[in-house]
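S.K.: Provided below for reference: sequence and predicted model.
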Amino acid sequence: MANLTDLKNKLKEQLSKIPEFSEKNYNLAGYIVAALITLAGAFLIYEVLTTDALTFKANWNMFKSPLGSLCWIIGFICAIVFWGKMGHWSRTPITEYRDSSGRVLGREENFDVTEQGFAKILMPILGHFVIEPIVYGAIIYYPIQCIIAILGAIFPYIVTVIVLAIIAGAWLFTKKVQFRYRSALLIVLGVLFTAGFAMGGLAIKNSGPGSTISLLVDTPSGGDGAAPADDQAVSEPVGEGEEAPEVAAEGEGEGEVDDQFEGVGEEGLLGSLPDGTSTFEGDMAGFPIEFAITKPDNSGSLTGMYKNVKYGTTMKLDGESLPAMGGDITFYGNDNGTQWTFNLTGTVDNITGTAQGGGKEMKVTLKKK
């Protein structure tokens, strides 16, 4: 007890050495701290409201969601606990006898082995162990997705309101507090909120579009990926003033085209694409994606837009198709410092290929949307 008392006394002695501002200096420090918090908070609010990095969407496909698998397991437990609440699923197979007018003349049980096995064995198994778990799981899963959809839409505004409340508190309440060590608390809270808001804003600013590819790679297979996004992926066509293809070497006949570009756009995937922007939907390593391809002409120069359906983020791509590639197209893009390459082949109705980046290679399949 003596040691504990000594420790308490030493702690009080150390705390008593913490300096306190005078009333005038405390008010001045309060204004400075409030101003710093306001600046950092304004920066964070701007980044929150001008980026989609904080928005998220619901996954309405229960069968392609990790949460859906968990809900199915919970539903399976509920089906066992509430056994028979949805019926016992067993039925007696009946054979009906009808006349030529369709009137029922009589009924009797069908003793066929197949009919008996389906009605009295297979149906109860499917009902109790498959259908009921899915129903119970859906009852749990879809209300959660409704909440996620609502929160995902208003989450940036929730963050904004919280930041505004903290800024208002910094201006209104710092001058009114009257207790020991208020000066130290003022400085600590000022540093925490200012640094927190500034670092949060920088993190959102540096996140950039296309970050979902990292999530796509690291997320276990089965994620919804991505939910269909509202924004349509559109790439800008080649504008005026862009560098034209190289012309023939000096001395060749006027109007003669460089052999490098001879035959471009006449076959394969490039040849099957119409001019303009074509939008595709498909699968990338088990995740739903959207892919837009813009073909301005038959020169072999294209642009594209990759979109992760679940998270709604995009990555701009530049593409090319040389004669030696037989109409196949290669797209290049950058996702938060990671270089990605999409090698696509096939026709406009059925595109296959691979996506390579970050030391990974994933299969890609696309169909016209």
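M.R.: Everything's here; your move. Numbers count the residues shown, from 1 in each chain.
S.K.: what's the closest non-adjacent residue to Gly268?
M.R.: Nearest residue to Gly268, sequence neighbours excluded (CB to CB, 6 or more residues apart in numbering): Gly327, at 1.7 Å. Yep, even glycine has a C-beta here, placed from its N, CA and C like the rest.
S.K.: and if you look at Lys307?
M.R.: Closest residue to Lys307 apart from its sequence neighbours, by CB to CB, 6+ apart: Glu290 at 4.2 Å.
S.K.: Phe280 too?
M.R.: In this structure, Phe280 finds its nearest non-sequential neighbour in Leu366, 4.0 Å apart by CB to CB, 6+ apart.
S.K.: Confirm that that neighbour sits in a strand.
M.R.: Yes - the assignment for Leu366, made by DSSP: H, G, I helix; E, B strand; the rest coil, places it in a strand.
S.K.: how about the nearest residue to Gly127, chain neighbours excluded?
M.R.: Nearest to Gly127 is Trp89, by CB to CB, 6+ apart, at 3.2 Å.
S.K.: And Tyr141, by the same measure?
M.R.: Cys71 (4.1 Å).
S.K.: how near is that neighbour to Gly333?
M.R.: Counting by CB to CB, to the nearest Å, the gap from Cys71 to Gly333 is 35 Å.
S.K.: Then Tyr181?
M.R.: With CB to CB as the criterion, Tyr181 and Gly333 are 53 Å apart.
S.K.: about what we covered before: state the distance from the residue nearest to Gly268 to Ser278.
M.R.: Distance from Gly327 to Ser278, by CB to CB: 15 Å.
S.K.: in this structure, which spans are helices?
M.R.: 2-16, 23-49, 66-81, 113-117, 123-126, 132-172, 182-207, 212-218, 268-272 (DSSP state H).
S.K.: which outside residues touch the shortest one?
M.R.: When you say that, I think you mean helix 123-126. The contact list for helix 123-126 (CB atoms under 8 Å, 6 or more residues apart in numbering) reads His88, Trp89, Ser90, Arg91.
S.K.: pLDDT for the residues you listed - can I get that in JSON lines?
M.R.: Formatted as JSON lines, the contacts of helix 123-126 follow (pLDDT from 0 to 100):
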{"residue": "His88", "pLDDT": "79"}
{"residue": "Trp89", "pLDDT": "85"}
{"residue": "Ser90", "pLDDT": "85"}
{"residue": "Arg91", "pLDDT": "83"}
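S.K.: Which one of those sits in the busiest neighbourhood?
M.R.: Among those, Trp89 has the most neighbours (other CB atoms under 10 Å), with 17 neighbours.
S.K.: ok, that residue touching Phe129?
M.R.: No - look at Trp89 against Phe129 with CB atoms under 8 Å: they stay out of range, at 10.1 Å.
S.K.: Just the local confidence number for Gly357, please.
M.R.: With respect to pLDDT, Gly357 has a value of 85.
S.K.: show me what contacts the closest residue to it other than its chain neighbours?
M.R.: Closest residue to Gly357 apart from its sequence neighbours, by CB to CB, 6+ apart: Trp340 at 3.6 Å. Trp340 sits next to Ile213, Tyr306, Met315, Tyr332, Gly333, Asn334, Ala355, Gln356, Gly357, Gly358 when contact means CB under 8 Å, 6+ apart.
S.K.: The same query, at a cut-off of 10 Å, please.
M.R.: 210, 213, 306, 315, 317, 331-334, 355-358, 360 (CB atoms under 10 Å, 6 or more residues apart in numbering).
S.K.: try Ile32
M.R.: By CB under 10 Å, 6+ apart, the neighbours of Ile32 are Leu186, Ile187, Gly190.
S.K.: got a list of what the last one touches?
M.R.: Yep, that's Gly190 we're talking about. Going by CB under 10 Å, 6+ apart, the list of residues near Gly190 reads Ala29, Gly30, Ile32, Val33, Ala34, Ala35, Leu36, Ile37, Ala40, Ala170, Thr174.
S.K.: and Lys57, how many neighbours does it have?
M.R.: There are 20 residues near Lys57, going by other CB under 10 Å.
S.K.: no wait, Thr341
M.R.: Counted with other CB under 10 Å, Thr341 comes out at 15.
S.K.: Find the nearest non-adjacent residue to it, please.
M.R.: In space, and not counting its chain neighbours, Thr341 is closest to Gln356: 4.8 Å by CB to CB, 6+ apart.
S.K.: One more: Ala198?
M.R.: Setting aside the residues directly before and after it, Ala198 is nearest to Ala40 in space (CB to CB, 6+ apart), at 4.4 Å.
S.K.: Could I get the full set of strands for the stretch 201-350 of the chain?
M.R.: 276-284, 287-295, 301-308, 314-320, 329-335, 338-347, 350-357 (DSSP state E, counting those that start in this stretch).
S.K.: Parallel or antiparallel, which strands does the second one pair with?
M.R.: Within its sheet, and counting by DSSP bridges, strand 287-295 is paired with strand 276-284 (antiparallel), strand 301-308 (antiparallel).
S.K.: Kindly report the same for the fifth one.
M.R.: Neighbouring strands of strand 329-335 in its sheet, by DSSP bridges, are strand 314-320 (antiparallel), strand 338-347 (antiparallel).
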